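S.K.: Got a predicted model here, sequence first, then my questions.
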Amino acid sequence: MAWFSACSIPAVPLFLQVLGRFNRARAAQLTLPHYLCQTPLFMPVGTQGTIKGLTKNQLEEIGCQIILGNTYHLALRPTSELIDELGGLHKFMNWPRALLTDSGGFQMVSLLHLADITEKGVTFQSPVDGKPMLLTPEESIQIQNRIGADIIMALDDVVRTTITGPRIEEAMYRTLRWIDRCIAGIYVSEVWLNVICLGGEDKDSFWRVVAQCTAALPEDKPRYVMGVGYPLDIVVCSALGADMYDCVYPTRTARFGTALVPEGVLKLKHQAMANDIRPIDPMCECMVCKNYTRAYIHCLVTKDAMGSQLLSYHNLYYMMKLSRDLHSSIVEGRFPEFVCKFLQTMFPKGDVPEWVCNAMEVAGIDISSCCREMRFDVDKSSTL
């Protein structure tokens, strides 16, 4: 599996204080210019300065700490110059808490048909007006400075996880050269954030890369696993020592009529929901579960904007609660019990995936009570 490390560059001194641990897992307090964050934490993706269908008051209400914005899309529309002129993205979107902007590097994969990558940078064909747009490491940093996020990312040369051969080595060394160019472009006292960029569906490779990276990365800096949004993946990565996550999954799956629940997912489009007067999750305390039935949401999903709004609210509430539960269980010394309860609820028959069992073995968490059969093939003497 291809993976690449990148870095963020702080505009002001930032601070990470570890508050609790269980083996590799850790809970911390992350001091950012606009907010004091508790990790592990999940960050919803607001590509163009908005979480689709939700207001900033609703995001505060559910406990959102950091929103992710997309440098490439914001540079195209409304433009970083306009955002800067209007006081920065915080003021522009009326968001008082923390913001993180990516570098635009991921669009080298997602918009590859529109991109031409060279040592100078990446030239995109704008999907808005068709004009070419050159994004260099220096320009990426300048755009993000104008946007004014709490955490900004260095431009990296991103390749698909299915790529093999010399292109991987080329991208790795180019990313290192681009990071030097990013740092040279502004005053910075240190490279501050550790980032693990992962993709693909090979879960056995996925957890092993996370385990290897978190074992090697500095203890006094946060570890950010990009593009991870499945609740199970977040629990596993947190057990292995990661701190921060982002993904479109909770809101995108909501727009397709799927709710996140402790047992996994609930597909509200199914006809079985048409007469179901229960809430999405009877144990959930979000305003959607307190006020609306599955039958009502079934009538709305994929047909009315209200349906995706309600499910987006519920799904992000679920993710924020998961983040809080991870943090508190580590601080209070009951993380193994939390993990076992999480897995027992999601896999009541004990059919926990083998990759999860192997990852938890490395994380030092006994989940034998959750599993029908334990099969470990991990060499504990390795660098994992």
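M.R.: Received, thanks.

S.K.: so where's this structure uncertain?
M.R.: Low-confidence regions of the chain, defined by pLDDT under 70, span residues 1-13, 108-114, 185-201, 373-384.

S.K.: Point to the residue nearest the middle of it.
M.R.: residue 246 (1.2 Å; Cα atoms, centre = their mean).

S.K.: Quick one: residues contacting that residue.
M.R.: Residue 246 makes contact with 42-45, 68, 100, 224, 226-229 under the criterion Cβ atoms under 8 Å, 6 or more residues apart in numbering. Backbone N, C-alpha and C define where each C-beta goes, glycine included.

S.K.: burial count for residue 50?
M.R.: Using other Cβ atoms under 10 Å, the number of residues around residue 50 comes to 15.

S.K.: that older thread, which element is encountered next along the chain beyond the helix or strand hosting the residue nearest to the centre of the chain?
M.R.: Using DSSP states H and E, residue 246 sits within strand 244-247. The first helix or strand that comes after strand 244-247 along the chain, using DSSP H and E, is helix 249-255.

S.K.: and that next one, what does it pack onto?
M.R.: Here helix 249-255 touches strand 41-44, helix 305-331, going by 3 or more Cβ pairs under 8 Å, 6 or more residues apart in numbering; DSSP states H and E.

S.K.: ok, 6 Å please
M.R.: In terms of contacts (3 or more Cβ pairs under 6 Å, 6 or more residues apart in numbering; DSSP states H and E), helix 249-255 is packed against helix 305-331.

S.K.: Give the buried residues for the helix it packs on.
M.R.: Across helix 305-331, burial judged by 16 or more other Cβ atoms under 10 Å covers 307-320, 322-323, 325-327, 329-331.

S.K.: any idea how far the next helix or strand after that helix is from the chain center?
M.R.: Beyond helix 305-331 on the C-terminal side, the first helix or strand identified by DSSP H and E is helix 335-346. Between the centre of helix 335-346 and the centre of its chain there are 21 Å (Cα atoms, centre = their mean, to the nearest Å).

S.K.: what does helix 335-346 contact?
M.R.: Outside of helix 335-346, the residues that reach it under the criterion Cβ atoms under 6 Å, 6 or more residues apart in numbering are 22, 25, 235, 262, 264, 329, 352, 365, 367, 369-370.

S.K.: Show me which of these is closest to residue 279.
M.R.: Residue 279 has its nearest neighbour among the contacts of helix 335-346 in residue 262, at 13.1 Å by Cβ to Cβ.

S.K.: any idea how far residue 360 is from that closest one?
M.R.: For residue 262, the distance to residue 360 under the criterion Cβ to Cβ, to the nearest Å works out to 18 Å.

S.K.: For those two, work out which one has more neighbours and name it.
M.R.: Taking other Cβ under 10 Å, residue 262 and residue 360 do not tie; residue 360 has more neighbours (28 against 15).

S.K.: Measure how buried residue 120 is and give me the count.
M.R.: Other residues lying near residue 120 total 10 when counted by other Cβ under 10 Å.

S.K.: I misspoke; the intended subject was residue 47.
M.R.: By the criterion of other Cβ under 10 Å, residue 47 has 15 neighbours.

S.K.: Likewise for residue 169?
M.R.: A total of 9 residues lie near residue 169 under the criterion other Cβ under 10 Å.

S.K.: Ramachandran angles for residue 360?
M.R.: Geometry field for residue 360 lists phi and psi as phi -70, psi -30, criterion degrees, to the nearest 10.

S.K.: I'd guessed it sits against residue 369; true?
M.R.: No - using Cβ atoms under 6 Å as the test, residue 360 is too far from residue 369 to be in contact (11.7 Å).

S.K.: Phi, psi for the nearest residue to residue 283 once chain neighbours are set aside please.
M.R.: If the residues on either side of it in the chain are set aside, residue 283 comes closest to residue 262, at 7.4 Å by Cβ to Cβ, 6 or more residues apart in numbering. Its backbone dihedrals place residue 262 at phi -60, psi -30, with angles given as degrees, to the nearest 10.

S.K.: so residue 301 makes contact with residue 268?
M.R.: Yes - counting by Cβ under 6 Å, residue 301 touches residue 268, with 4.9 Å between them.

S.K.: more neighbours, the two?
M.R.: It is residue 268, of residue 301 and residue 268, that has more neighbours when counted by other Cβ under 10 Å, with 27 against 23.

S.K.: Isn't the more buried one up against residue 257?
M.R.: Yes - at 4.7 Å, residue 268 counts as touching residue 257 under the criterion of Cβ under 6 Å.

S.K.: Give the intersection of the neighbour lists for these two.
M.R.: When contacts are counted by Cβ under 6 Å, 6+ apart, residue 268 and residue 257 are jointly contacted by residue 301.

S.K.: In contact with residue 268, which residues?
M.R.: Residue 268 is in contact with 257, 297-298, 301, counting by Cβ under 6 Å, 6+ apart.

S.K.: Thank you kindly, that will do.
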